[in-house]
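Student: Model the following, please.
(chains A, B, C, D, E, F, G and H)
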Number of protein chains: 8
Amino acid sequence: VTFVATFPLRFDEKWRFFLPTKWRDDLADGFYLVQGHEDCVAIYSQSGFEKLAALVQSESTTFEDVRAYQRMLGADASEAKADGQGRVIVPPALREYASLDRDIIVTGAIDHGEIWNPQRWEQYRTAQLPQYSKINKQIGQPQGGAK
Amino acid sequence: VTFVATFPLRFDEKWRFFLPTKWRDDLADGFYLVQGHEDCVAIYSQSGFEKLAALVQSESTTFEDVRAYQRMLGADASEAKADGQGRVIVPPALREYASLDRDIIVTGAIDHGEIWNPQRWEQYRTAQLPQYSKINKQIGQPQGGAK
Amino acid sequence: VTFVATFPLRFDEKWRFFLPTKWRDDLADGFYLVQGHEDCVAIYSQSGFEKLAALVQSESTTFEDVRAYQRMLGADASEAKADGQGRVIVPPALREYASLDRDIIVTGAIDHGEIWNPQRWEQYRTAQLPQYSKINKQIGQPQGGAK
Amino acid sequence: VTFVATFPLRFDEKWRFFLPTKWRDDLADGFYLVQGHEDCVAIYSQSGFEKLAALVQSESTTFEDVRAYQRMLGADASEAKADGQGRVIVPPALREYASLDRDIIVTGAIDHGEIWNPQRWEQYRTAQLPQYSKINKQIGQPQGGAK
Amino acid sequence: VTFVATFPLRFDEKWRFFLPTKWRDDLADGFYLVQGHEDCVAIYSQSGFEKLAALVQSESTTFEDVRAYQRMLGADASEAKADGQGRVIVPPALREYASLDRDIIVTGAIDHGEIWNPQRWEQYRTAQLPQYSKINKQIGQPQGGAK
Amino acid sequence: VTFVATFPLRFDEKWRFFLPTKWRDDLADGFYLVQGHEDCVAIYSQSGFEKLAALVQSESTTFEDVRAYQRMLGADASEAKADGQGRVIVPPALREYASLDRDIIVTGAIDHGEIWNPQRWEQYRTAQLPQYSKINKQIGQPQGGAK
Amino acid sequence: VTFVATFPLRFDEKWRFFLPTKWRDDLADGFYLVQGHEDCVAIYSQSGFEKLAALVQSESTTFEDVRAYQRMLGADASEAKADGQGRVIVPPALREYASLDRDIIVTGAIDHGEIWNPQRWEQYRTAQLPQYSKINKQIGQPQGGAK
Amino acid sequence: VTFVATFPLRFDEKWRFFLPTKWRDDLADGFYLVQGHEDCVAIYSQSGFEKLAALVQSESTTFEDVRAYQRMLGADASEAKADGQGRVIVPPALREYASLDRDIIVTGAIDHGEIWNPQRWEQYRTAQLPQYSKINKQIGQPQGGAK
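Tutor: Sure thing, here's the model as predicted:
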């Protein structure tokens, strides 16, 4: 598991940030920056993105929401690489999507990393933590829906 | 994953466009141009099209919508190859199907590429992105339908 | 995938037509001409017909519609071979079944080819294409029916 | 696939008919003549009959219709062999079951052959062909029944 | 498939009958005579009885009808062997169970043979044959019952 | 299949009975005497008891009826061995459970043997045999119960 | 199957009891004493406890009753070993949980052993035995509940 | 099974506690301290955390509760290692989350360990133990919900 822990970081003047040291090995051959859900930027390793992509591939291409998901995921994805010092540039389109200014929260989400606007992260975490602590349901299925 | 990122491009006077450089390796042995859903042109590698075809093959041939899907997919599909400079010609029938003029958007949809009319792409993206960001459902299943 | 693209062709005086060049390799060892659905003639390679046959074999022989399907498929099927120039004769019974006159449309349906009366093909295509473009359902299941 | 095409044939004075040439190889080691559904005589190769038998074997022996099916299939089945000229004798009991006189229709049903009274065959075919052409359902399941 | 065809036979004074010649190989190492359903005597080869037994073994031993089935099947089963001339003795208990007198019908039921009282067989066959000929259902499931 | 046939036997003065000769090989290394359902004594070979035990093991230990079944099966089970003459002692607790006096019926139940009080066996058999003969249901599931 | 039979035993002054001889081999490398259901003490071999543990592991950790089960099972489990004479000490906490005084019943429950207060065991057995004898249901599923 | 038994322990002045001796081998290469459910701190071995992580990975990333679970689990997870004496430091954020003061209860939960505030543990245990003892349901499924 590469992506754990939380890092309060800051973009430099060129909108670069330092990748957490423990993540660098898995991301050494390049990685993907994509639009994350809940308006963050998601960081996927090559193999992590392959896995995600495999889930949304052509077998359901006759459903319009599968097509929309593939297109939104693919169209703004951007291949990236850290420089020799471990710095990564986040493209303006993704910064805008995630409302990122100089201060950022880089946080581990088990199979990928994420970059958040600190205020949004705090709000999100405050809302979610109590439910996490007492969780009592099968996660990954819509609330009111029968299987 | 070959097909990511978005490229604003332009057909030359012979209705050719340059394949994105990163896509060329996977498409080097030829590929398929087919009618894409939502009125775009889809670009499938040999193996990508094989996979798509496998999903709509003869085991359901007793259903009329399977037959219609196979015929619409097959009848206007066209095998293509990039020239030495990486340029590809889009046949008039497919340009007309997708309402393509000189300016085009070439965009990655994870397991295939697509060519869009820029206005249509912008409309489509604007409509879909908010749903993508907050998505909370199993994609690939009709909204009101029981499994 | 052998069977893509559309070819407007014409029978010669002996009711022969030229097989599309790209299809000839897969059909070189002989093939099957059978009654196609929606009143066309279907062209199956040896292995394609084996696959189709496998789907309707004896495991459901206690259902009368399976028996009827097997008999209709089998009774008028005809083994064929292209001559040295790639020409194929379509037997009168199948021409009559599909309302074929001199002008024909030969069209690819992914896992088999088909021969259509041009007017019927045009009508069929006009009716089906809009549904194909916006398709949003699991194909291969009856509309109103529970699984 | 051995059993395709239709052959209008005639019994000789000893109630023998000539097996279609293309079927002889698969039936060379002997075969089974059994009561066919819809009152014809069915011709199964050794392996074809093995497959059919496997479907109705002992695992459902606690159901009376399985027992009845096994007994009806087994009790009048008859092992047969073509003579040196490819002629086959149909036993009187099976001729009577299928209302066969001198003229017969021998027809391919994909995984087995069948011998029909010509009038019955014509009636059957006329009734079934339109449904075959436009078929739109999962075959092999009773119309009004839930799975 | 060992057990096909019908043989009108007769017990000798020692209540022996001749096994059909074609069945002898499979029954050479001994076999089982058991109470057959619909009041006949069933003949199972060693392996055929093993298969039947496997279906009613201990995994459902908490159901009283499974226990009853196992006990009825087991308690009167009798291991038998043909003598050098192929004759088999049917024990009095089984003859009584199946109402067998001197004349018997020995008939093939695909995966086992059966011995019937001729009158009962004729009645049974007359009742079942029409349903067999037009069969249109999944056999092996009770009519009115949901799965 | 070891356990077939029925043997009317009698305990000797030491409450021993002779194991049926054909059962001795499978029981040579010792076996289990356990409380049988319907108030008999059940005889399981080592491997037969292993199979039965495997069905009621820990995966459902959170259900109280599984726990009760395991405890009732286990607490009075007794490992036994035939003596050199093939005689077996039935412990008093099991004799009492099954209401066994001097005369007993030893009967085969396919995957195990059973020891019955003769009157109880006769009653049981008389009640069950007609249902066995005409059986028409999936055994092992309660009549009125949903799956 | 290690755990069968019933042993009325008695703790010595140090609250030790002698493991049944036949159980000692399987428990030779140490074992687990855990809180048993219905207020007894359960004895699991290493591998038996591994199997039980595997059933309640992390895949359902989002359900609060799974977490409670894991914690109750784990928190008072105690690793034990018999001394050279085969004696085992039961810790006070478990004795108290199971209301054990000097006299105990050690009983086999197929995949584990149990230690009971004799009065409780007698009550439990008296209540359960009649249901065991006539059992007619799938065990391991709640009475009134749909699957 | 590494994690059984209960240990009342106490943090030293540097908020370190001694890992139970029996747990040290499995945790020798480092481990994870994460937010445990019901407000404790959970201790997972490397492989235990891999397993947990595998359950909440990207295949359900289109559900917002899966994303929330991954983020809450990942963001505060912390990799740890015992020092040469087997002492572990618990970071302040996790101590605060679990309301830990000097006295703690370290308890085994089968596939992971947990650190509790002693009062909370006592309350939790008192509430859960009676339900554990008489448990009669499939654990891991919501009470009122259909599957």
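Student: and the nearest residue to A:Val41 once chain neighbours are set aside, backbone torsions?
Tutor: Leaving aside its sequence neighbours, A:Val41 sits nearest to A:Ile115 (Cβ to Cβ, 6 or more residues apart in numbering or on different chains; 4.2 Å). Yep, even glycine has a C-beta here, placed from its N, CA and C like the rest. In terms of degrees, to the nearest 10, the main-chain angles of A:Ile115 are phi -120, psi 130.
Student: is it true that A:Ile115 touches A:Leu100?
Tutor: Yes - if you go by Cβ atoms under 8 Å, A:Ile115 and A:Leu100 touch, sitting 6.5 Å apart.
Student: any residues in contact with both of the two?
Tutor: Common contact partners of A:Ile115 and A:Leu100 (Cβ atoms under 8 Å, 6 or more residues apart in numbering or on different chains): A:Val41, A:Val90.
Student: Nearest residue to whichever residue of chain A sits closest to chain D in space, ignoring adjacent ones along the chain?
Tutor: Distances between chain A and chain D by Cβ to the nearest Cβ are smallest at A:Thr62, namely 16.7 Å. Among residues not flanking A:Thr62 along the chain, C:Ile135 sits closest, at 4.9 Å (Cβ to Cβ, 6+ apart).
Student: Count the residues that sit near the one you found.
Tutor: 20 (other Cβ atoms under 10 Å in any protein chain shown).
Student: Can you verify my assumption that it contacts B:His37?
Tutor: Yes - in this structure C:Ile135 lies within contact range of B:His37 using Cβ under 8 Å: 6.4 Å.
Student: partner residues bridging the residue nearest to A:Val41?
Tutor: A:Val41, A:Val106 (DSSP bridges).
Student: residues contacting it?
Tutor: A:Phe17, A:Gly36, A:Cys40, A:Val41, A:Ile43, A:Val90, A:Ala98, A:Leu100, A:Ile104, A:Ile105, A:Val106.
Student: Out of those, the closest to A:Arg125 would be?
Tutor: The shortest approach to A:Arg125 among the contacts of A:Ile115 belongs to A:Ile105, at 9.3 Å (Cβ to Cβ).
Student: residues near that closest one, how many?
Tutor: Residues lying near A:Ile105 (other Cβ under 10 Å) number 22.
Student: From B:Tyr32, how far out is it?
Tutor: From A:Ile105 over to B:Tyr32 the distance is 44 Å, taken as Cβ to Cβ, to the nearest Å.
Student: Kindly report the same for A:Ser47.
Tutor: 27 Å.
Student: Please identify which of these two sits among more neighbours.
Tutor: Neighbour count, other Cβ under 10 Å: between A:Ser47 and B:Tyr32, B:Tyr32 has more, with 23 against 12.
Student: Can you give me the buried ones in the longest helix anywhere in chain A?
Tutor: Looking across chain A with DSSP state H, the single longest helix is helix A:118-133. Within helix A:118-133, the residues that qualify as buried are A:Arg120, A:Trp121, A:Tyr124, A:Arg125, A:Gln128, A:Leu129, A:Tyr132, A:Ser133, counting by 16 or more other Cβ atoms under 10 Å in any protein chain shown.
Student: Restrict that helix to CA atoms and write it as CSV.
Tutor: What follows is helix A:118-133 as a C-alpha-only set of coordinates in CSV (Å, rounded to 0.1, in the frame of the first residue of the first chain):
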residue,chain,number,x,y,z
PRO,A,118,-7.1,22.6,2.5
GLN,A,119,-10.5,24.1,3.4
ARG,A,120,-12.4,21.6,1.3
TRP,A,121,-10.4,18.8,2.8
GLU,A,122,-11.2,19.9,6.3
GLN,A,123,-14.9,20.2,5.5
TYR,A,124,-14.9,16.8,3.9
ARG,A,125,-13.1,15.1,6.7
THR,A,126,-15.3,16.6,9.4
ALA,A,127,-18.4,15.3,7.6
GLN,A,128,-17.1,11.8,6.9
LEU,A,129,-15.1,10.8,10.0
PRO,A,130,-18.1,10.0,12.3
GLN,A,131,-19.7,7.8,9.7
TYR,A,132,-16.4,6.0,9.2
SER,A,133,-16.0,5.3,12.9
